[in-house]
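Chemist: need a 3D model of the sequence below.
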Amino acid sequence: MSPAIFSDQYGRYKRKLRISVTDRCNFKCMYCMPEHPEWIKKKDLLDFEALYLFCEFMVQNGIQKIRITGGEPLMRQGVVHFVRDLQKLRSIGLKRISMTTNAHYLAKYAYDLKQAGLDDLNISLDSLDAQQFLKLTKKSIEPVLQGIQAAQLVGLPFKINTVLMKGKNDDQILPLVNWAKAHSIPLRFIEFMPLDGDALWHNHDVVTEQEILSVLATQFDLRELKQEHEPARLYRLNDEYDIGIISTISHSFCGECDRIRLTAQGELYNCLFAPQGLMLKPLLDQIVAEKNTDLRQTLQRTIHEKISAYIWHKAKGFHSLNKQPRKISMHTLGG
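Modeler: A predicted model of the protein is given here:
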């Protein structure tokens with residue numbers, strides 16, 4: 001294994017980078033967004049030049065997959081051009097460029113994203129029931145369904161992600177599976193995690209992997225598949241359709257984690273639940289502005305040392321961190 005690849009003290013090499021380009025979102029999902037969010041000021045966002053420089057640096061140090069997140073990434077002007085710019089990194093080792101979206105604006109952008117070279121999408125869809133969806137997100141489901149259809153029409157691959165919450169949308173397990181199966185759409189259920197905006201999460205709100213499987217077993221024969229380097233455990237239904245379950249709370253995947261995250265204001269997180277990040281924006285802004293090659297290389301060495309040390313101290317997993325206070329919520333960190 002190349003020594004240039006960032007790794008932590010438990011031997012987990014970092015191959016995947018998630019970058020939030022904005023904390024703003026037009027939805028208000030309770031597991032993600034606070035009731036009264038305070039948006040990051042635009043001047044405090046990392047600009048696309050600095051973001052690109054960071055991505056280039058990380059690909060040079062082993063990152064193979066980049067996922068663009070938010071908030072809602074399609075709310076930031078210029079994100080399609082950023083996807084196009086990232087194509088240049090394929091020649092130095094980048095293998096995949098993805099995006100996570102609520103699909104509200106996808107009908108407008110699906111074709112442009114496909115043309116820009118985006119490989120795939122994760123689309124959040126927490127209910128097929130229009131009234132329930134409105135209650136969960138404060139938005140209509142229709143633009144989302146139109147966005148999904150637009151992605152299909154342009155041939156942009158995607159998965160559906162559903163966060164399940166007891167008493168809120170846990171009645172959607174079978175409707176979503178039957179809908180996704182009928183349309184040959186990959187589906188993943190996600191356990192509700194303590195990253196909600198107003199810190200109201202409680203363990204009794206979680207619909208666990210075992211509970212999901214118990215519901216599925218009422219209609220399907222289930223067979224667990226071999227898990228690769230992905231957080232979702234896969235199950236084959238009736239030997240014809242696969243679903244995934246991301247069970248961070250009841251059956252976490254931390255032992256194989258190969259991900260790191262950058263917020264929209266340039267703070268690196270070695271874990272979704274890390275109590276403290278590493279602020280990189282001042283250094284990245286300096287590198288962008290610096291014209292002297294020697295000084296630029298010195299700054300790059302500095303940033304490499306800081307990132308190496310920070311990633312090295314990544315915690316063993318969620319359950320070693322869950323008693324510590326969270327610094328930020330899901331809408332800022334990008335999932």
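
Chemist: any weak-confidence spans in the stretch 151-300 of the chain?
Modeler: Applying pLDDT under 70 to the stretch 151-300 of the chain flags residues 194-201.

Chemist: which stretches in this structure count as strands?
Modeler: Assignment of strands within the chain using DSSP state E yields the ranges 16-20, 65-69, 96-101, 120-124, 158-164, 187-191, 222-224, 233-237, 241-246, 259-262, 267-269, 278-279.

Chemist: quick one: those as TSV, columns for distance to Asn292 too.
Modeler: For glycine as for every other residue, the C-beta is placed from the backbone atoms N, C-alpha and C. Converted to TSV, the strands of the chain look like this (distance: least, C-beta to C-beta, whole Å):
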stretch	distance to Asn292
strand 16-20	27
strand 65-69	29
strand 96-101	31
strand 120-124	40
strand 158-164	44
strand 187-191	46
strand 222-224	56
strand 233-237	50
strand 241-246	46
strand 259-262	26
strand 267-269	25
strand 278-279	23
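
Chemist: any chance of those in TSV, plus mean neighbour count and distance to Arg90?
Modeler: Below are these laid out as TSV (neighbours: other C-beta atoms under 10 Å; distance: least, C-beta to C-beta, whole Å):
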stretch	mean neighbour count	distance to Arg90
strand 16-20	23	14
strand 65-69	23	11
strand 96-101	22	8
strand 120-124	20	15
strand 158-164	22	21
strand 187-191	23	26
strand 222-224	12	34
strand 233-237	17	28
strand 241-246	21	26
strand 259-262	24	20
strand 267-269	23	23
strand 278-279	16	27
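
Chemist: and for Ile303, nearest residue in space, chain neighbours not counted?
Modeler: Leu283 (5.1 Å; C-beta to C-beta, 6 or more residues apart in numbering).

Chemist: ok, now which ones touch the one you found?
Modeler: 299, 302-303, 306 (C-beta atoms under 8 Å, 6 or more residues apart in numbering).

Chemist: who's Ser98 bridged to?
Modeler: Residues in a beta bridge with Ser98, per DSSP bridges, are Arg67, Asp120.

Chemist: list the contacts for it?
Modeler: So Ser98 contacts 65-68, 118-122 (C-beta under 8 Å, 6+ apart).

Chemist: closest one to Leu86 out of these, please.
Modeler: Among the contacts of Ser98, Ile66 lies closest to Leu86 (C-beta to C-beta), at 6.4 Å.

Chemist: contacting residues for the closest one?
Modeler: 16-19, 55, 59, 86, 89, 94, 96-98.

Chemist: just Lys316 next, same as before
Modeler: Per C-beta under 8 Å, 6+ apart, neighbours of Lys316: 10, 254.

Chemist: let me know the pLDDT of it.
Modeler: What the model reports as pLDDT for Lys316 is 86.

Chemist: on that earlier part again, most surrounded residue in the contacts of Leu283?
Modeler: Ranked by neighbour count (other C-beta atoms under 10 Å), the contacts of Leu283 have Ile303 at the top, with 20 neighbours.

Chemist: just the helices in the stretch 101-250 of the chain please.
Modeler: Counting by DSSP state H, counting those that start in this stretch, one finds helices in the stretch 101-250 of the chain at the ranges 106-116, 130-137, 142-154, 173-182, 209-216.

Chemist: run through who's touching the longest one.
Modeler: So the one you mean is helix 142-154. So helix 142-154 is in contact with 101-107, 110-111, 114, 121, 123, 125, 130, 133, 158, 160, 185, going by C-beta under 8 Å, 6+ apart.

Chemist: buried among those? Make that a PyMOL selection.
Modeler: The PyMOL selection below is limited to those of those classed as buried (16 or more other C-beta atoms under 10 Å):
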select buried, resi 101+102+103+104+105+106+107+110+114+121+123+125+133+158+160+185
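
Chemist: who does the biggest helix by length in the chain touch, helix- and strand-wise?
Modeler: Criterion DSSP state H: the longest helix present in the chain is helix 293-312. Of the remaining helices and strands, those touching helix 293-312 by 3 or more C-beta pairs under 8 Å, 6 or more residues apart in numbering; DSSP states H and E are helix 48-60, strand 278-279, helix 281-289.
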